[in-house]
Structures are given as C-alpha cells and as structure tokens.
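Asker: based on what follows, work out the 3D shape:
(6 chains)
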Number of protein chains: 4
Amino acid sequence: MPHRKVFANRRRDPATKREAILQTAAQLFLEKGYGRTLMNDVADRLNITKPALYHYFSNKEEILLECYRWGTGLILNKLGQIADQGGTGLEKVEAFVYEYANLMTVDFGRCVMRLDEADLSPKARAEVRACKRNIDWRLRTFIQEGIEDGSITPCDPRMAAFSTAGAVNWICMWYRPDGPLAPEEIARQFARMLTHGLSARRKREAMEPNGARKMPKGETGAVS
Amino acid sequence: MPHRKVFANRRRDPATKREAILQTAAQLFLEKGYGRTLMNDVADRLNITKPALYHYFSNKEEILLECYRWGTGLILNKLGQIADQGGTGLEKVEAFVYEYANLMTVDFGRCVMRLDEADLSPKARAEVRACKRNIDWRLRTFIQEGIEDGSITPCDPRMAAFSTAGAVNWICMWYRPDGPLAPEEIARQFARMLTHGLSARRKREAMEPNGARKMPKGETGAVS
Amino acid sequence: MPHRKVFANRRRDPATKREAILQTAAQLFLEKGYGRTLMNDVADRLNITKPALYHYFSNKEEILLECYRWGTGLILNKLGQIADQGGTGLEKVEAFVYEYANLMTVDFGRCVMRLDEADLSPKARAEVRACKRNIDWRLRTFIQEGIEDGSITPCDPRMAAFSTAGAVNWICMWYRPDGPLAPEEIARQFARMLTHGLSARRKREAMEPNGARKMPKGETGAVS
Amino acid sequence: MPHRKVFANRRRDPATKREAILQTAAQLFLEKGYGRTLMNDVADRLNITKPALYHYFSNKEEILLECYRWGTGLILNKLGQIADQGGTGLEKVEAFVYEYANLMTVDFGRCVMRLDEADLSPKARAEVRACKRNIDWRLRTFIQEGIEDGSITPCDPRMAAFSTAGAVNWICMWYRPDGPLAPEEIARQFARMLTHGLSARRKREAMEPNGARKMPKGETGAVS
DNA sequence: CATGAATGAGAGTTCATTCAT
DNA sequence: TATGAATGAACTCTCATTCAT
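Answerer: Residues are numbered from 1 along each chain as shown, chains lettered A, B, ... in the order given. I've put the predicted structure just below:
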C-alpha cells in the first residue's frame, strides 16, 4: 500500500500511520533536503493536514531522528549477521560492502548518510553518531581480522575503513531509484572492486610509494 | 593575514576583501551548513556588518556559487595537468586520487562536494554540474585507458569511477583541519588502496601498516 | 460590519476575509501610498498579525493587483451598461462622466487612478493597462459617436478624451470621504461642466450656481 | 549643456551644479517615482558619486522639495502675469489653462502634480500645499470674475476649478516628451475645450477637427 | 480527533546616510 | 575636496508550531 493511502482509512493502526509518515518524510528529505522540506509538504503528500503530523511526532526534528534510527537499525542489523557468520576478514569486508551498498539504495539507509546531522539537537546527534561509530568499529574490526588472518594486506585499518566506507556511503549521493543501475549490481561490483582494487591481477609492477606521480585527475557522475 | 583583519583598513584591495569573504563563508558553510549560516555569521566573523557583504556579492547564493567556482577551478586546473602527462591508465588514476584527495582537505575543494547543489538556482546548478561532469569524464577516461593498456582489470568504468571518486569525495565529510590525519598522508594511502585494493592474495609490497596501530578512537569514524 | 471585526471569528468565510483585507489595504494605499503602507499596517488595522495576510495573498503586490482588478471591474461594468443604452454620443459622454466620477469617490475606483502602476510587475501592469485602454477606448467611441451624430462639436476625440477623463480622474486626488462634497453632487456637476463647458456666450439652461457661494476655504484645492 | 556634463568641469558654478542635480533628479522622479529613485541613480546619471550629492543637498527630501519649489515658482510666475493682464474672466481662465497646460509638459511643472506630497515632511508639505492653494485661489478668482462679468455661466467656482484644473493636472500623468503630441498643441486644444465644452448644441466657431481623424491608436490612453 | 487559521521569531535584502582616507 | 566603503534601520516574506472550532 502506498503511503499516501494509509490515511484514507481512519481505523488504521497508528503504528502504520507513523511509519507512513516516516517513509514519506524520508523520501522528501532525500528529494529536497531536510531544510527545504516543509511540514506541509509531508502532510500534502499524505493527503492529511499539518497538525495531524503532530499527533504522531512532536516536532520536525523527531521525524528526522526517527529516520536516522530506522536507517541505522537496518544497517546494524545486517552487520550483526555478518559478524556472526564465519570467514576471513576479507570475506567479511566483502560482505560488509555488499550489504551496506544495498542499504545505501534504500530510503532510510540513504537518510543516514545523506542528511545533515547538524539538523539534529546535540543529544539526538550524539545518539546517531554513536550508531555510526558502531558501524565504523565493525568495519575496522573486520579489516583488523583480515590483517591478522593474512587475507588483507597490512595497512592502517582506520584509513582503509575511511576509504571503503566512503566509497559505499557516496552511493547515497548519486543513486536514483529510477536510474539505470540496479542495487544488486551496484553492490556486487562495489564489493569486488573495493576488496580487490582496480589493478590488473597479473603483470603489474609494484607502485612506487609516492614515486614519480604526475597529476592525473578525472571524475564522472561519480562526483555528483 | 587572518580574514578578520582584512576589513580593518577601508582602502584595502577589494579583491582581497572579496576573497576574505569567500574564505570565511566557505568555512562557515562547512561548519554549519549553508542554510544555517546567516549573512550575519559571515559578517560577524569578519568584524563587519551584514550590509557590507552586499558591496562585494549581490546575494547569499552568489557567495555560494563563487565557493563552488573556486573549488571546481582548483580541481579542473589539476586535472588539466594530469591529463597532459604520460603513464598508464592505472598511474593516472592513482595520480587522480592523490591530487583529488588533497583538494578534499581544502575548504573550497570540500565545498564542491559537501554543499548541497539544491541551494543553487537552476542556472548556477547547471554550471556546477557541468564542471562535475567534466571531472567525472576525466576519471572514466583514465580508467578506460587503463583497461585498454592492461594496467586496469576489465570492469565497468562507470562503476569503477563511482567507487573511486566516492571514496575520495567522502573525505570532505570527515576530514577536519585540526584532526590527526595529515592531508598528504591521506592522499598517499588512498591512492594506494583505491588502485590496489585491500586484498593480499597476490604478492606485492605491503602497504605501510602505519605501525601496529590499534583501533583509533577519534571522534570521527569512517562512516560519518 | 467593520473590517476589523471580520477576523474575530476564525470560521468566517475566507472570501469575506479576503475582501476585508482588500478594503483595508485599499484605504491604506490611498491614505499613505503603497510604498509607505507596511504589511504590518494592514494587519494591525485588521487586528491580525502580518503572516496571517499571507494566508489570503501570496505577497504585497498581489494585494495591490487585486485592488486594481476590483476597481477596473467596477468601472468596466458601468461602462458596459452605458454603451448598451441608447442616446446621442454627448449623452453617453455625460453618462460616462457621471458614473465614472461617482466611482472616483469609491476606494477601489480611486485606487485605479491614484496608485502607481510602477509598483506592479510587468505582467500585472500589462493587465491593468489593458483595462485602462479599454476604458479610454469606450470614451473615445462615445465622443466619436457624438461627433458623427452631431451632438458633439468636431474635435480630436483623442484630445477630448484626455481632457474629459483627466478632469474626472483627478477627482481621486482630492476627494475625501469626510469632505464637504457629496459624490453624487460632484458627479452631477462634472457631467454638466465637462459636456457643456464654462462659457456663457449663448443662452442655455444655466448651470445651477449652487447658491451665490463664495470662495470656499476648505483645506483641499482644485490643484491638489 | 546636458546635465551629465556639468560636473565634468570642477570649476563650474556651484549653483549650476545644484540645478543640474535638480534637473536630473526631477527626470528620474518622473520616470521611476521618488521612492524607486535611488540617490545612486541620480549620482550615476551625473557621473558623480553619491556623497557628492550631499555637498549640494542635505538629504533626499530636500532635493524633492526643491523640485516642488522650482515647479511652483514657474507656475505662480505665469499666473501672476495672467492676473495682471486684462480681459474677461473666461479669457483669463482660457489663458490659465493654456499656460498651465504648457507647464504640465515641463519636468519641474510635472513634478508638482505628479509626485506624492506624502514623501515630504509635514513642514515642507505645508509649504507646497500653500503654493497649490495659491494656484487654486487664482483659478477660482478668474472663474468668479467670469461669473460676475457674465462671460462664464453661473456655477460653483469651486467645482469648476476642480474640473478645469483636474483636466490640466492630469496632463502630467500621460504626457511624454517623446510622444506624438506637442505641448503647444495640447495647451491650445485644452484651453478651447475646457472653456467651451464639447457640446455642439449652439452654433459657434467649430473646434478644429484636426482632419477627419479616426480613433488614434497611440500607446497612451486618456485614462492612464 | 482533525482541521483551517493564526502567530512568533527570524532571514535576506535594501538604501539613505555617514565615515575614513 | 571627493570618494569608496560601511552601516543602521527597515521591510517583505517564511515556516514550525499552536490555537479554536
């Protein structure tokens, strides 16, 4: 049932209505940004009136916070499953990227990385940041495990996590539900690329660390 | 000279003052977001009054646009240099990551990727997006070259660009000038990781492990 | 019901409230001028707050435009009636002056001629000017008819229209609702004078001298 | 010498510069309205800077007041001449209309009737209104004389003055220096029409029909 | 409960006027 | 002196939130 129909029936479960509001708000936040999304916009899309929103949420920020909570819930849930399953560190990282990338194509997941924490109150922000640190910690742990079990080349796990998570996070900036790329396909390729790199597997000389580097540079839809 | 001193002398070069405003605005936009940054905030930090800003910029959006232009100017300038030099595709990608990552730690560079294009008018947005497409196109070209010269493993250049650029773009979300990581170090490690991946399956020189560092516990994690 | 009471009841017909706003705004525009009339002035006189006005009009200019529309509506309505009735051209001109003069003592009618079109956007201005041209065209047509049917002395209809309409338009500049001259009386005398002139060279039915009135010394003079 | 050249020579008479400012300001006030005319607009058109204006006038309102003074001076000067010459009351009214109409095509004269007295301080407004009452008084006197000497049909001189002056005043609302109607021609026809009316019921010298002119289609209509 | 109406707090922008050189 | 720069005081418009029915 589309969200905008949920309120047609007065007898609907309040929890369902609350969720419909969240879904709609999340969509609008992603489309227009939090600041440019008016309470009226949310209400209009649900065919209800503005004060009705205040039956379910005490203010706009609470809606935002719930979007964050829903999204981080989805993510942490998946990560817990990955941690519980076996495999090398590299395999866990690969699974992390795959699952995380998939979530970056889902509204609530995208909200977590795309919206601006500065719109939250300090207290709410602290809660969200704790969740994010948790996600980060899981990824670093996988990397660390990989280094220890030899599946991942020795490196700074912090930096590796920044790089890996950044690539995946950025998906939320360019992914469009009606675009040409399917979430599953994105997730699959990202998982491969981010663990094995771009370098051709054979016939490659080691790169000089900071050697005779020139100034290459380029970007695509990738940057926007 | 700190920006807040530039306006102490009424006869100072207007171009210098304009730039001081831009620098200050860029900082504030990054700290608080564009929408939450008031013209008064900018003026206060420069020890001038709000209307004085309107001597140099006709409105708030123009300041934003100029931040974008300055940033894209820095980036495209570097790209021109990289494209002109030789090397394999992979080497060019590595150079791209290195230079681009460095720029993602500079205020104007960060603005390009961190601020929200939706705050620009359609016309200005089109201009910025054209610049971003240009950057994107260059990266895809390098990847394509790498595939053709065998330095990069066959893959979808579009997706590879998304992944690579995303990781670098995301730097602008977590980098803090007063943080523990030096831009140069970030750039160097990103260049290595994004081209060679994390996998240790094949023999190569190890990425420097940066000591046996344990999970750092800085405020900022990879996902935020 | 005075306008300031209309908003006492929240459930009153919105159309009534809209009209109350227009009436109040028209009064203020005539008293103080459009530019000097603040949205707060309008709101205060209605015992509401400024933003409440924006429930009924999207901006100040729309209020102005609606005043123009209401006024031109009144005028064109009357002119249509005159055109439909019979009589010589001169009689139609006389009726025109009579009715038009009456409307120049009504707030909305006065707005049409007293307010400055330059305060309107180009599009709105075009609309208003079209209405005014219509009024003008009707008067010229009456004059032309009069010339053809012999009731009006041969003359340049354009210039005659300028003169006649000008005299009547100017009423909106000096008429005061609380002044000594009744609209009906003004209209009657203007209709006579503007069609038969001041000259007494030949015998004709005398204009009523309104008694042997001496130079009245009211605040308002003919030129202001 | 065009006003904008006056300031090219530093040695010019300050009185000349003052007058150049007034001429320029009067033009702008008529073109854009007082409120929309910025001090910068005046300065720009004279190729000087804004503060330079404050050498010659202490504030914007003083410029406005001087425009009024200059205009009323022109008018009262002419009226004095008319009062001093002989003739019937009707002839004086005709002369009044002729001369006054001519002045309504001159910048300073137009300012007197076109600009809004509400932009003046109470004191300055009182001064201007005294001048206008003077003008009005002269016209009423001429009419009164005409009634007494039998050249004007008995009527309410107050109302007759309103009508006559109104028609002429309104010229300042539609006259354009670059329009098709010459001031002299306007003045001549107005003088005739406003004294002898439009009626053809009695034989008299015909008003020149200006050829068999059809409805002219100039941009500007009588009501605007 | 639900809703149309209303508001308080504030943001960007404008412009006559004045300062500092 | 003459000017580029700066400001104070307003004003329009916005929007999350609450009231009254």
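
Asker: residue of chain A closest to chain C, please.
Answerer: residue A:40 (12.4 Å; C-beta to the nearest C-beta). From N, CA and C alone the C-beta is placed, and that goes for glycine too.

Asker: contacting residues around that residue?
Answerer: Residues in contact with residue A:40 (C-beta atoms under 8 Å, 6 or more residues apart in numbering or on different chains) are residue A:50.

Asker: buried residues, whichever strand or helix holds it. List them.
Answerer: Using DSSP states H and E, residue A:40 maps to helix A:39-45. By neighbour count on 16 or more other C-beta atoms under 10 Å in any protein chain shown, the buried set for helix A:39-45 is A:39, A:41, A:42, A:43, A:45.

Asker: what's the following helix or strand after it?
Answerer: Next along from helix A:39-45, by DSSP H and E: helix A:50-56.

Asker: now the next helix or strand after that next one: buried residues?
Answerer: Next helix or strand after helix A:50-56 toward the C-terminus (DSSP H and E): helix A:60-84. Using 16+ other C-beta under 10 Å as the test for burial, helix A:60-84 gives A:60, A:63-72, A:74-75, A:78-79, A:82.

Asker: quick check, nearest of the buried residues of helix A:39-45 to residue B:113?
Answerer: Using C-beta to C-beta, residue A:41 is the member of the buried residues of helix A:39-45 that sits closest to residue B:113, with 26.4 Å.

Asker: is it true that that closest one touches residue A:28?
Answerer: Yes - assessed by C-beta atoms under 8 Å, residue A:41 is found in contact with residue A:28 at 5.5 Å.

Asker: following the longest helix seen in chain A, which helix or strand comes up?
Answerer: The residue-count maximum for a helix in chain A (DSSP state H) belongs to helix A:122-149. Helices and strands here follow DSSP H and E; after helix A:122-149, the next one along the chain is helix A:157-169.

Asker: and chain A, which residues reach DNA strand F?
Answerer: A:36, A:37, A:38, A:39, A:40, A:50, A:51, A:54, A:59, A:60, A:61 (C-beta under 7 Å from any atom of the strand).

Asker: for the spatially closest residue to residue A:18 that is not a sequence neighbour, what are its contacts?
Answerer: Nearest non-adjacent residue to residue A:18, counting by C-beta to C-beta, 6 or more residues apart in numbering or on different chains: residue A:56, 4.8 Å away. By C-beta under 8 Å, 6+ apart, the contact list for residue A:56 reads A:14, A:17, A:18, A:21.

Asker: okay, and which of those map to helices?
Answerer: A:14, A:17, A:18, A:21.

Asker: which of the residues you listed tops the neighbour count?
Answerer: The most crowded member of the ones in helices among the contacts of residue A:56, judged by other C-beta atoms under 10 Å in any protein chain shown, is residue A:21 (25 neighbours).

Asker: what does the domain assignment say about chain A?
Answerer: A:3-56, A:60-197 (automatic domain parsing).

Asker: so where's chain A uncertain?
Answerer: A:1-5, A:8-12, A:198-224 (pLDDT under 70).

Asker: taking it, what residue is nearest to chain D?
Answerer: residue A:36 (32.0 Å).

Asker: quick one, phi/psi of that residue?
Answerer: The phi/psi pair for residue A:36 (degrees, to the nearest 10) reads phi -90, psi -10.

Asker: that one contacts residue B:34, correct?
Answerer: No - using C-beta under 8 Å as the test, residue A:36 is too far from residue B:34 to be in contact (11.1 Å).

Asker: tell me which of the two has more neighbours.
Answerer: More crowded of residue A:36 and residue B:34, by other C-beta under 10 Å: residue B:34, with 24 against 14.

Asker: and what about the more buried one, helix, strand or coil?
Answerer: coil (DSSP: H, G, I helix; E, B strand; the rest coil).

Asker: show the contacting residues for it.
Answerer: Counting by C-beta under 8 Å, 6+ apart, residue B:34 touches B:64, B:115, B:116, B:119.
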